[in-house]
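Engineer: Sequence and predicted model, in that order:
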Amino acid sequence: MYVGSMPNHATEDEIRAAFSKFGTVTDCFMPKDRETGEPRGFAFVTFEETRDADDAMAALDGKDFMGRTLRINKPRPRGSDSG
């Protein structure tokens, strides 16, 4: 799932801890800016089970995480925007 509006100081361990309450997290990818090496403010979290991802999305979307309001949705392939 795509997790937007992540605080830049959040670590992978903190993200995994928040999401693992809903099931087994198999991957947590936090893209970094190529020039600065700083986090870009979003992450991709992958669960072992789709049901667990759906539960996490329902529970955490719009909720506070380390002072930021999370925006969570299922990722879309690049170029799939309708704009």
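Structural biologist: On my side now, so go ahead.
Engineer: C-alpha from now on. contacts and neighbour counts both.
Structural biologist: Noted.
Engineer: list the contacts for Ile72?
Structural biologist: Residues near Ile72 by C-alpha atoms under 8 Å, 6 or more residues apart in numbering: Met1, Tyr2, Val3, Gly4, Met57, Leu60, Asp61, Gly62.
Engineer: which element is it on?
Structural biologist: If you go by DSSP states H and E, Ile72 is part of strand 71-73.
Engineer: Partner strands of that strand and their direction?
Structural biologist: Sheet pairing of strand 71-73 (DSSP bridges) gives strand 2-4 (antiparallel).
Engineer: gap between the strand it pairs with and the chain center?
Structural biologist: In terms of C-alpha atoms, centre = their mean, to the nearest Å, the centre of strand 2-4 is found 4 Å from the chain centre.
Engineer: Same question for stretch 23-30.
Structural biologist: 9 Å.
Engineer: just the CA coordinates of stretch 13-24, formatted as PDB?
Structural biologist: In PDB, the C-alpha atoms belonging to stretch 13-24 read as follows (Å, rounded to 0.1, in the frame of the first residue of the first chain):
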ATOM      1  CA  ASP A  13      11.300   0.200  12.300                       C
ATOM      2  CA  GLU A  14       8.700   2.700  13.500                       C
ATOM      3  CA  ILE A  15       6.600   2.200  10.300                       C
ATOM      4  CA  ARG A  16       6.800  -1.500  10.600                       C
ATOM      5  CA  ALA A  17       5.800  -1.400  14.200                       C
ATOM      6  CA  ALA A  18       2.700   0.700  13.500                       C
ATOM      7  CA  PHE A  19       1.600  -1.500  10.600                       C
ATOM      8  CA  SER A  20       2.500  -4.900  12.000                       C
ATOM      9  CA  LYS A  21      -0.300  -4.600  14.500                       C
ATOM     10  CA  PHE A  22      -2.500  -5.600  11.500                       C
ATOM     11  CA  GLY A  23      -0.500  -8.500  10.200                       C
ATOM     12  CA  THR A  24       2.900  -9.600   8.800                       C
END
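Engineer: Just the buried residues of it, please?
Structural biologist: Buried residues in stretch 13-24, counted by 16 or more other C-alpha atoms under 10 Å: Ile15, Arg16, Phe19, Ser20, Phe22, Gly23.
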